[in-house]
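Asks: Following is a predicted model, sequence given first.
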Amino acid sequence: MSPRGQASHLLGATCPVAGISSYRTDALSARVVRAVETLLARGKVVAPVDVLVEMGLLDRSQLEEWRLGRVPYLERVIHGNFA
């Protein structure tokens, strides 16, 4: 089974899997691209949590709380809907 097929199987039929053919139509695609471009303009490294902060989905203070172990999992403090 291909990785894409495997992901589709694991996530279920109701959850679309972003891929090369669909990333441009994904609602968050443009926001992710802008955040990554901004981060790359500042330096050479882009960490996923930095993208979330740049997109306004995660507050820096809450990121620090997570890094210090005061927040059990990052999803608890991300502003968004995972459904």
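Replies: Right, received. Where do you want to start? Numbers count the residues shown, from 1 in each chain.

Asks: what ranges do the helices span in this structure?
Replies: Assignment of helices within the chain using DSSP state H yields the ranges 3-11, 29-42, 48-54, 60-67.

Asks: where does this protein dip in pLDDT?
Replies: Within the chain, the ranges that satisfy pLDDT under 70 run 1-18, 82-83.

Asks: hmm, 50 instead?
Replies: Residues of the chain that meet the criterion pLDDT under 50 lie in 1-12.

Asks: quick one on the thing from earlier: for the helices of the chain, give me a markdown table that also has mean neighbour count and distance to N81.
Replies: Every C-beta, even on glycine, is put in place using the N, C-alpha and C of the backbone. Conversion of the helices of the chain to a markdown table gives the following (neighbours: other C-beta atoms under 10 Å; distance: least, C-beta to C-beta, whole Å):
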| stretch | mean neighbour count | distance to N81 |
| --- | --- | --- |
| helix 3-11 | 12 | 16 |
| helix 29-42 | 13 | 14 |
| helix 48-54 | 17 | 14 |
| helix 60-67 | 14 | 17 |
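
Asks: Dump those helices to CSV, plus distance to S22.
Replies: Converted to CSV, those look like this (distance: least, C-beta to C-beta, whole Å):
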stretch, distance to S22
helix 3-11, 10
helix 29-42, 9
helix 48-54, 19
helix 60-67, 29
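
Asks: Which among these is found nearest to Y23?
Replies: Y23 sits nearest to helix 29-42 of all those, at 5.2 Å, using C-beta to C-beta.
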